[in-house]
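S.K.: my questions are about this predicted structure, shown below with the sequence.
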Amino acid sequence: MRLLALKRILGALLLLTVLPPALAATPLYPEMPAPAAKPDDAPALVALGRKLFFDEHLSEPRGTSCASCHAPAQAFSGNHGSRIGVALGSRPASLGTRNTPSVLYLRYTPPRFFYQDDDALAPIPFGGFFWDGRADSLAEQAQGPLFNPLEMNNRNPRQLARKLAQAYASEMRAQFGVAIFERPEQASQAAGQALQAFLRSDEMTPFSSRYDDYIRGAGKLNEMELRGLRLFKDPDKGNCASCHKFNDKSANPARSMFTDFGYDAAAVPRNRRIAENRNPTFYDVGLCKTAADLKWPDSGQWCGYFKTPGLRNVAVRESYMHNGVFTSLRDAVAFYATRATRPGDWYKTGIKFDDVPPAYRENVNINSVPYNRREGSTPALSDSDVDDLVAFLKTLTDAQFVKSSAESVRK
Amino acid sequence: MDAIKQAQHRKPFTKAFGLASSMTLSLLVAACGGSDSNIDASVKAAWVAVGSNNQATVRVITSDATCPDVRDGSSYAAMTVRAAAATVAQRPTASAATDSKPSAFPVTACEYQVPAGSSGVSVGSRSLPLPKQAPQRIVVLADTGCRLKKADNAWQACDDSDSWPFPEIAKTAAAMKPDLVLHIGDYHYRENACPADIAGCKDSPWGYGWDAWQADLFKPAAPLLAAAPWVMVRGNHEECARAGQGWFRFLDTQALDPKRSCDDPANDAAGNLSDPYAVAVGADTQVIVFDSAKAGRAALATNDPQFVAYQAQFQAVNRLAAKAGVNSIFTNHHPILGFAPIAGAPPAPGNLALQSVMQSVNPTAFYPSGVKTAIHGHVHDFQAINFSSAHPATFVSGNGGDNLDVNFADPFPANTNPAPGAVVDKISHTSSFGFMVMDRQSNGTWAYKAYTRKGVLLTTCLQSGNNISCDKTGFLAPN
């Protein structure tokens, strides 16, 4: 037995060695994928994707680009001026329910798949894009914000295609053929292809952090950062690496994405600044919506599960967790340390796991160190351990964002 | 000098100086050709294994083509070749063919059955520990290897004691001066080649040949192999499609049978089963060893050949456990009345394949009444379970070095039981690295103690019949 058996039993698949036909769209991989190689995208396609990413004319009304929320200064995360932990869209007061993830390093995120190691009792899901894995590719992900009424708010592909034709006719035709605008759906998808090419380009995988220097043997971490690194790995203490997988023994930074691309039910506190959350019956259930759409059996077992984010540049984000409930990195780390031992510090209503529907609170991970401990017991991490972990996490900031990191700390 | 010549030189000296002290003898032998040091240079591992009928066997792995002599008391005796050096053709393994290779064994496995009453055995300058009449302390560990597995993208840093603490555990346990070591299986985890860009396992031996066995077991375990005789239980990592070839060459205590060697996959059905046997631990306790290497996960149909074979073996267990006045400790790799933790879900029950067969032999009880305790590995944690029903106390000691499993929830979920009718009273558990020690008590029972890898005591469980009482229950915090 071992780690991959840890997550969750896929009840209906317990005795199956292959997924049933209904799950054919989500393959069962025979092995976990190795880090993705550099894609062979044409430079012109990457350049087009870059222009689209920063183009404020592609929203409705105009004025919001992908970069408005995925702000370069914040390592391609951010919330477009919103201060409630979730992003503001192109229309005034159009606020979503989820925190904007960084779009750096998405080259390495695999499509959705199941994997079952030989000791595991059932296959478990990995990969996919968005917090709930509802997109299977970067190109598919890129379509989401373009048409989401709470984000860039294009009504339909026809409206987007018109904008693309106005600004990018020659480039689009050069990349996708002269007839690309004859079918708006195809033009929209082509824009997704271009955005995908940019998002998985070298520009979006800088690997320029102090941590990267450290694993390459070109730099050192100080004592506090090294203590944090040890705590991050220590299965008795932080145990962070059990989900935020990395390999500090490899000089190849692609082996240190700080995620296993899996999902976990961490039960972060409800973000009461989100308007929808004023409705006591509203819950963001995460992966189980995707599971239901894809007709995975017993989709309810995935309610409360959200994707384990990579932690590169985590220190320059302005809010944390899928619902943006935390505004400081230290709070995010401290939450893991004391969620189990002092739940009252986090769940202000007195209801544990208050952002998970009551029917699904049994899905919450109460097993992994450090949140396996009994209420009232000594936490696995002390306050100084939390400080050390934060110090280590700050070493994951790429060089071009270090200033942003310092500003973020001052905030 | 080869071993045969060494023996020819030695034997006259042995006869002439039968009463000489071992040190004097060694010096004399050394003076005649430095044979001990030559032997030492060739011997890659040496230990004593205990098998059926309490037979102690000296096992030596040497780079020489022939076996060294063993000194038994004041006499030298020839060891027999158990397995000559060979490279076994590549067979289907648990990995893709492109990630597998032939198993190279450029070493000779030697053995010598120690006669009852031996006053001491040694090979070269190594004195080997013989079984004691009444062992007082037993070290128990399992799941000790360093995981190199491409399919899982799992590359444990074998060079880092925090990542792979088995070498530290072996040293810590050896320092406790055990009289016996009980390894509950899964010795070998280095199945695939470490990627060149990972320094933590770069250039590690891999596959199922000698070099991987040496790196995963014989080198790190050397202090513990030198400290006490071993009883070796087979794990699923030693089934035929994995490290089964090395299991039969080096560890299995039965005579090596080519038809059960795992070299030819056509014979895997036979190679993945072994008859159970008992090892006496003093006059009042015995350890019953059961091979569940290929048990699988699902309940078996009664007409499944594996069901039929296991059923006969569990009937044999019943006969072994029927010994009057003897407390039987059942050992196999897969937990039967233990649990597997799952994050965000109730723990999974014990092994359904074995349960399905055991229920056919001992309905509701699973075990014969003579079995008071069961000890397993496989799940990478420590579990000590007492039942309010009439079932043997169950331990899992699978936290010996490979990547750990998650913990159970604390408090343990109510009304969660490992098998129908087996009602959990209390459970103590942790998924920190460590091992277990059994200490004989003055009243003849055993105290079962969970230790961390650094030797910090986490809990002590005292036995009374088939019950245990641990001084700490629930999650055992290692810090």
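M.R.: Sure, I can see it. Residues are numbered from 1 along each chain as shown, chains lettered A, B, ... in the order given.

S.K.: could you use CA atoms for every contact and neighbour count after this?
M.R.: OK.

S.K.: which residue does the stretch 151-300 of chain A have closest to chain B?
M.R.: Here the residue of the stretch 151-300 of chain A nearest chain B is residue A:250; by CA to the nearest CA that distance is 4.1 Å.

S.K.: nearest residue to that residue in space, please, no chain neighbours.
M.R.: residue B:198 (4.1 Å; CA to CA, 6 or more residues apart in numbering or on different chains).

S.K.: ok, residue B:216 next?
M.R.: Residue B:216 sits nearest to residue B:145 (CA to CA, 6+ apart), 5.2 Å away.

S.K.: now that neighbour: how far from residue B:433?
M.R.: Separation of residue B:145 from residue B:433 (CA to CA, to the nearest Å): 12 Å.

S.K.: which residue is nearest the centroid of chain A?
M.R.: residue A:309 (3.9 Å; CA atoms, centre = their mean).

S.K.: now do the strands in chain A.
M.R.: A:28-29, A:113-115, A:124-126, A:263-264, A:306-307 (DSSP state E).

S.K.: redo those strands as CSV? Include mean pLDDT.
M.R.: CSV is the format used below for the strands of chain A (pLDDT from 0 to 100):
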stretch, mean pLDDT
strand A:28-29, 95
strand A:113-115, 97
strand A:124-126, 96
strand A:263-264, 98
strand A:306-307, 98
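
S.K.: so which of those gets nearest residue A:164?
M.R.: strand A:306-307 (31.8 Å; CA to CA).

S.K.: elements contacting that closest one?
M.R.: Judged by 3 or more CA pairs under 8 Å, 6 or more residues apart in numbering or on different chains; DSSP states H and E, the packing partners of strand A:306-307 are strand A:263-264.

S.K.: parallel or antiparallel, which strands does the strand it packs on pair with?
M.R.: Strand A:263-264 has its sheet partners listed here by DSSP bridges as strand A:306-307 (antiparallel).

S.K.: check which residues of stretch A:169-177 are buried.
M.R.: Neighbour-count burial for stretch A:169-177 flags A:169, A:171, A:172, A:176 (criterion: 16 or more other CA atoms under 10 Å in any protein chain shown).

S.K.: which of the residues you listed fall in helices?
M.R.: A:169, A:171, A:172, A:176 (DSSP state H).

S.K.: show me what contacts the third one?
M.R.: I take that to be residue A:172. A:48, A:180, A:190 (CA atoms under 8 Å, 6 or more residues apart in numbering or on different chains).

S.K.: what sits against residue 374?
M.R.: Answering for chain A, as no chain was given. Contacts for residue A:374 were tallied using CA under 8 Å, 6+ apart; they are A:340, A:341, B:410, B:411.

S.K.: hmm, I had chain B in mind actually
M.R.: So residue B:374 contacts B:329, B:330, B:331, B:392, B:393, B:394, B:395 (CA under 8 Å, 6+ apart).

S.K.: what bridges to the most centrally placed residue in chain B?
M.R.: Central residue of chain B (CA atoms, centre = their mean): residue B:183, 2.7 Å from the mean position. Under DSSP bridges, the beta-bridge partners of residue B:183 are residue B:141, residue B:232.

S.K.: can you give me the helices in the stretch 251-400 of chain A?
M.R.: Secondary structure of the stretch 251-400 of chain A (DSSP state H, counting those that start in this stretch): helices at A:287-293, A:329-338, A:383-394.

S.K.: same question, chain B
M.R.: Using DSSP H, helices in chain B cover B:3-16, B:22-31, B:35-42, B:166-175, B:210-213, B:222-227, B:244-246, B:268-271, B:305-320, B:352-361.

S.K.: and residue A:53, how far is that from residue A:162?
M.R.: Residue A:53 is 17 Å from residue A:162, by CA to CA.

S.K.: count of residues packed around the closest residue to residue B:404 other than its chain neighbours?
M.R.: Nearest residue to residue B:404, sequence neighbours excluded (CA to CA, 6+ apart): residue B:380, at 5.0 Å. Neighbour count of residue B:380, defined by other CA atoms under 10 Å in any protein chain shown: 31.

S.K.: low-scoring stretches of the stretch 251-400 of chain A, by residue?
M.R.: Within the stretch 251-400 of chain A, not a single segment meets pLDDT under 70.

S.K.: who in it is up against chain B?
M.R.: Within reach of chain B by CA under 8 Å from any CA of the partner chain, the stretch 251-400 of chain A has these residues: A:251-252, A:265, A:362-369, A:372-374, A:380.

S.K.: contacting residues around residue 326?
M.R.: Just so you know, I chose chain A. A:85, A:319, A:320, A:332.

S.K.: wait, I meant chain B there
M.R.: Counted by CA under 8 Å, 6+ apart, residue B:326 has contacts B:283, B:284, B:285, B:286, B:370.
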